[in-house]
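J.: compute the structure for the input listed below.
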Amino acid sequence: MRVSLGHDGGVMRMNFPLVRDPGVSLSRRRLLAGAGALSLGVGLGGCQSTAGTELQALTTGTPNVGLLDDLERRTFDFFWETTDAATGLAPDRWPTPSFCSVAAVGFALTAYCVGVARGYVTRAQARGRVLTTLRTFRDAPQGPQATGVAGYKGFFYHFLDMKTGLRFDRCELSTIDTTLFLAGALCCQSFFDSSDAPETTLRSLVDELYGRVDWRWAQVRSPLIGHGWHPETGFIASDWKAYDESMILCLLALGSPTQPVDASAWGAWASGLPAAWGQEYGQTFVRFAPLFGHQFTHCWVDLRGVQDDFMRARGMDYFENSRRATLAQRAYAIANPQGWAGYGPDFWGISACDGPADVEREFGGRLRRFISYAGRGMGLYDDGTLTPYAAGSSIAFTPEIVLTALQAMKDRYGAALYGRYGFFDAFNPSFTFTDVKLTHGRVLPDLGWVDTDHLGIDQGPMLAMLGNHRGEVVWSAMRRNAHLRRGMERAGFRGGWLG
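T.: This is a model prediction of the structure:
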């Protein structure tokens, strides 16, 4: 679950799902800080971190024509090589040792489909990895107790221990992270469509996992769907409401073959759209400050030409909405109202990502607040940190400006930002302070702060959208998924591929 924004009566509010309940003692940022305190020298499976040697070996200036080929392969390799092949559990980040992110597992499952389509791995190899993952989650214990389980009511905890596959610390049972896992599983269900025994088994496992999710249980304030639950304190006191990354959640809850929510859930979710509709930096669109909220659902759902009631009334679709959101982000970077270093037409992309540290320092003649991991967004928590995946995950919406931006970032930062698994998570040209204990990354001369980790939930959308931009790999599979179609039709979507 991301740090996310919602809308109530036109007033924007910050939601921090992991710390919303007073009794909760653990936040995502604390979890990440705790993981960062682990040994940096040893990666997953005992592999030594190679960031330092790669910085020496990797050259800059890769020709523009090959950048997407190279980036797509490196980003796929992140999932194939850092995921535990024996369980399918995907780390939250790498090379810093960490817990498993359930959402990252969903992106890993999606990545395997892209890998087959591109010929990075064979169909049999990818199918085997998917089957392993699905069996791990099917067999993981569920129950209301606080320890010794991976989930409850079909939902999974946000983070799982990489070794045991059980709940990590005191994190929440997460509806959105379970949704992202299921989206990856459903993608595999439609992609692996042959009649042979292994693929038939794979599809049945997906139906079993999807079918046991009790979506209605999560409707504490029905018809809205809640953010999650803690065994220690009960339900989180917030619900998913437009506009943010949760469109996919509502669609899958509506499409459930066994325990669907009532059709009124879509209207309740969409009731936040009018307050989010407005103008920003030359664009009129449904606004959400962090760019990932305009990207996550599109990783799996082809929203070109399909409309619900809200978009029909405005003569556009959610794909166009995300295109406008991307253009607004670039315009914001050009305007650079906060006066940060390095922003411009080819350096943009503000979204949830790592940051240097939680500290105040003077920059540009005044005291500024810098932050570590946060739900950054245009005009919101803008501390000068940019993230390549924010631009890269919009490749299908605005390819002409995204490719230029990715090339410029790679050319400017070289191996400091682009390594074994593609782009590191984030960078901040304004943060040049060397007297600060960093939460993540390092400060480099003439470049400022640069992260040294890759995050699964940031790598994932970029790879999925690269796959969609170049061959509609994920979209074409998901257009064949009966569960997604059912959810969209129950939400009132019509047109385009829905007919």
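
J.: quick one: K437 is in a strand?
T.: No: according to DSSP: H, G, I helix; E, B strand; the rest coil, K437 belongs to no strand; its state is coil.

J.: angles on the backbone of the nearest residue to P260 once chain neighbours are set aside, please.
T.: With C-beta to C-beta, 6 or more residues apart in numbering as the criterion, P260 has its nearest non-adjacent residue at 5.8 Å, and that residue is L254. For every residue, glycine as well, the C-beta is placed using N, CA and C. Main-chain torsions, L254, degrees, to the nearest 10: phi -70, psi -30.

J.: and the gap between L254 and W497?
T.: Distance, L254 to W497, using C-beta to C-beta, to the nearest Å: 18 Å.

J.: which one of those two is surrounded by more residues?
T.: Set L254 next to W497 and count neighbours by other C-beta atoms under 10 Å: L254 wins out with 24 against 16.

J.: returning to that earlier point: ok, now which ones touch the residue nearest to P260?
T.: Residues near L254 by C-beta atoms under 8 Å, 6 or more residues apart in numbering: 260-261, 263, 265-266, 486-488, 490-491.

J.: A85: which of those is nearest?
T.: Nearest to A85 out of those is G487 (C-beta to C-beta; 31.8 Å).

J.: which residue sits closest to that closest one, ignoring its sequence neighbours?
T.: Spatial nearest neighbour of G487, chain neighbours left out: G255 (2.7 Å); criterion: C-beta to C-beta, 6+ apart.

J.: ok, S430 next?
T.: Nearest residue to S430, sequence neighbours excluded (C-beta to C-beta, 6+ apart): G384, at 3.7 Å.

J.: where does that neighbour land in three-state SS?
T.: Three-state call for G384 (three-state DSSP): coil.

J.: and if you look at G115?
T.: Assignment for G115 (three-state DSSP): helix.

J.: any idea how far it lies from R494?
T.: 33 Å.

J.: neighbour count: these two, which is higher?
T.: Under the criterion of other C-beta under 10 Å, the comparison of G115 against R494 puts G115 first, with 25 against 14.

J.: quick one, what contacts L224?
T.: Under the criterion of C-beta under 8 Å, 6+ apart, the neighbours of L224 are 239-241, 265, 268-269.

J.: ok, now how distant is it from G487?
T.: Counting by C-beta to C-beta, the separation of L224 from G487 is 16 Å.

J.: same check on E320?
T.: E320 sits 21 Å away from G487, going by C-beta to C-beta.

J.: the residue nearest to G487 against H483, yeah?
T.: Yes: taking contacts as C-beta atoms under 8 Å, G255 lies within contact range of H483: 4.4 Å.

J.: circling back to that earlier point, give me the distance between the residue nearest to P260 and G456.
T.: 27 Å.

J.: thinking again about what came up before, the residue nearest to S430: how many residues sit nearby?
T.: 26.

J.: residues touching it, list them.
T.: Counted by C-beta under 8 Å, 6+ apart, G384 has contacts 338, 340-343, 363, 368, 370, 428-431.

J.: give me the buried subset of those.
T.: Buried members of the contacts of G384, scored by 16 or more other C-beta atoms under 10 Å, are 340, 342-343, 363, 368, 370, 428-431.
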